[in-house]
Each structure stands twice: as C-alpha cells, then as structure tokens.
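Asks: Build me a model:
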Amino acid sequence: MDASPDLPRQSRVPVFNMPGVVSAAIGILVAIHALREFVLPDTWDLAVLLDLALIPGRWTVAMDPSQAEALVAAASARVSDASTLDAYVSFARYIAADPAAMPWTFATYALLHGSWMHLVFNSVWLAAFGSPVARRCGTLRFCLLALAGAVAGAVLHLLLDPMSLAPLIGASASVSALMAAAARFVFQPPPLISPAAPPWQIPVPPPLQTIPELLRNRTAVVFLVIWLATNLLFGVIALPLGADGSSIAWDAHLGGFVIGFFLLPLIDRRRRPIR
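Replies: Sure thing, here's the model as predicted:
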C-alpha cells in the first residue's frame, strides 16, 4: 500500500505563479482599458468616465448646492490658458447643474486608467505587493483591503481638493493599501522549517510587525521613507503620469496607504502549522 501523501501539483512556472485573485484583478483592469481604448466610441468612453470616475466638484455641490457658483469661480481661477478656459468653465457649469451624488464612484474610479503606462505601472506594483497579501489573507480579505484603499483614497482626495473637476481614476490607492499591508510582514527573514518537517509542509506566515518593530527594521523604514517622500514630491511638483498629462493623485495614494497599514491587523488570518 502506498502511504505517500498527495503532494501539491506544481503546474505553473514560478515567475507567473501569482494568486488567482491578483491575476484576475490585473486581467479585469487590462480588459476595461482595452475596451475603452479600442472598442468604445469617444462619446461612450466619455460617458463611462463621467459615470464611473470620481469628480470631487460634483460631490461638493451634491452635498451643498450653494457651492455651485463657487465651483464655477474656482474653475475660472484654475485655468491660465485662454484657449481652454471656456471649455473648463463650461464643464464646471455642467457639473454644477447636475450634481447627482454617485456613491459607486468611490470604488469604480479604480477600474479606469488614463494611459497604458498608468495601467502597466499599477499592474506591476499590484503583482509585486498584492501577491503576498493575497497568499496570506485569501481572496475575500484581499478584495476588502483593495476596496477599502480605493474608498479611503477617494475620501481623502475629496476632502483635500473639494473643488477639483479633474476626474480621479486609477487603481493606485488600492495598490497603495496593498503595499502598506505587505509592509507589515514582507520585510522579515523567511520563516524557518524544521529539518524534521515533511517536505510538503507550508511555512507558517510570519506575524505582523508592530509599529515599534517596523521602526527597528531598517529595510521596512527605508521602504516607508522612500514611498512617502516620492508621493509628497509628486504632490509638490505635480509630475504628469503618462502621455495624457494627468497628474498623480498623491493624496489618494496616502489615504489608501494609511487604511491598508491599519486595517490588515484587524482582518489578518494566521495559518496554523501542520502537525
């Protein structure tokens, strides 16, 4: 009788061995952008942008209709190019005239991207930092972290720039939440397995590091400092992202990062060692 255990099948090349939920998320983002880029007419794509992107000015007027004229005035003050001033003010008047609250846009904006470069950039970081989070937490908790990051990023962006008419798009806030969650455990030495342990035993994930422990972890501190400095630098000098010239929403990144950092300990799922 063969008493050997059924070992897990190694059917995928390790470099592509991303968790299914991460692969699915990247596939959905690519499919949506390809649909907008190659299939939808410009008028339909504009409708998608208006219905799914987060526009802070629309929410501001929806919550306080008396801000309609202030929104138009702010639009006039933001544009110095006379050739685009009329179009920008007209858009402000359009938003002020129909400021319907669209609560789904606090999440759906993360499905849209401004360019292929924008999409590729987010996909690379999603694969790098989303994979360890998905392996540790599972599909549902991974999705919860990503959704919470998107919502937190949108809320902070709205609070800091309530009169903006620039549509907020991109999965960067969700990715930032996953990066912050991963930072709580990936910068530790790999777990050791006893030589007597069976070869198919899955290593127990390391415990989450507390904030004091992170501050004593040089690698984690360097990562956090570089991340914060880079995002603040982008916010100060308003670097464009990609060929479309849209600026990086550093405040949305920050909101996602903060929620991911503090939410993971509340939903973390620790696996028990196999005995």
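Asks: ok, residue 79 - contacts?
Replies: When contacts are counted by Cβ atoms under 8 Å, 6 or more residues apart in numbering, residue 79 touches 85, 88, 89. (C-beta placed from N, C-alpha, C; glycine too.)
Asks: Next, check those against the helices and list the overlap.
Replies: Judged by DSSP state H, the subset of the contacts of residue 79 located in helices is 85, 88, 89.
Asks: Let's have the residues you listed in CSV, adding pLDDT, neighbour count and distance to residue 123.
Replies: Below are these laid out as CSV (pLDDT from 0 to 100; neighbours: other Cβ atoms under 10 Å; distance: Cβ to Cβ, whole Å):
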residue, pLDDT, neighbour count, distance to residue 123
85, 81, 14, 36
88, 84, 16, 31
89, 88, 17, 36
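Asks: Let me have those residues in JSON lines, extended by distance to residue 172.
Replies: Converted to JSON lines, those look like this (distance: Cβ to Cβ, whole Å):
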{"residue": "85", "distance to residue 172": "29"}
{"residue": "88", "distance to residue 172": "24"}
{"residue": "89", "distance to residue 172": "29"}
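Asks: and of those, the nearest to residue 132?
Replies: Among the ones in helices among the contacts of residue 79, residue 88 lies closest to residue 132 (Cβ to Cβ), at 42.7 Å.
Asks: Tell me if I'm right that the closest one and residue 75 touch.
Replies: Yes - counting by Cβ atoms under 8 Å, residue 75 is a contact partner of residue 88 at 5.4 Å.
Asks: And the closest residue to residue 169 other than its chain neighbours, what's its pLDDT?
Replies: Leaving aside its chain neighbours, residue 169 sits nearest to residue 112 (4.1 Å; criterion: Cβ to Cβ, 6 or more residues apart in numbering). Looking at residue 112, its pLDDT is 96.
Asks: Could you pull up the contacting residues of residue 112?
Replies: Counted by Cβ under 8 Å, 6+ apart, residue 112 has contacts 32, 33, 36, 48, 49, 52, 53, 169, 170.
Asks: returning to that earlier point: from the ones in helices among the contacts of residue 79, pick the one nearest residue 127.
Replies: residue 88 (36.7 Å).
Asks: ok, now which ones touch that closest one?
Replies: Taking Cβ under 8 Å, 6+ apart, one finds 75, 76, 78, 79, 165 in contact with residue 88.
Asks: run the last query once more with 7 Å
Replies: 75, 79 (Cβ atoms under 7 Å, 6 or more residues apart in numbering).
Asks: What is the distance between the helix or strand hosting residue 48 and the centre of its chain?
Replies: Here residue 48 sits within helix 42-52, counting by DSSP states H and E. Relative to its chain's centre, helix 42-52 lies at 21 Å (Cα atoms, centre = their mean, to the nearest Å).
Asks: And that helix, what's buried?
Replies: The neighbour-count check on helix 42-52 (16 or more other Cβ atoms under 10 Å) flags 48, 49, 50, 52 as buried.
Asks: for the stretch 51-200 of the chain, what spans make up the helices?
Replies: Assigned by DSSP state H, counting those that start in this stretch, the stretch 51-200 of the chain shows helices spanning 56-63, 68-78, 82-97, 105-108, 116-137, 139-160, 172-183.
Asks: The first one: which residues count as buried?
Replies: Read that as helix 56-63. Judged by neighbour count using 16+ other Cβ under 10 Å, the buried positions of helix 56-63 are 56, 57, 58, 59, 60, 61.
Asks: Show me what it is packed against.
Replies: Here helix 56-63 touches helix 68-78, helix 82-97, helix 139-160, going by 3 or more Cβ pairs under 7 Å, 6 or more residues apart in numbering; DSSP states H and E.
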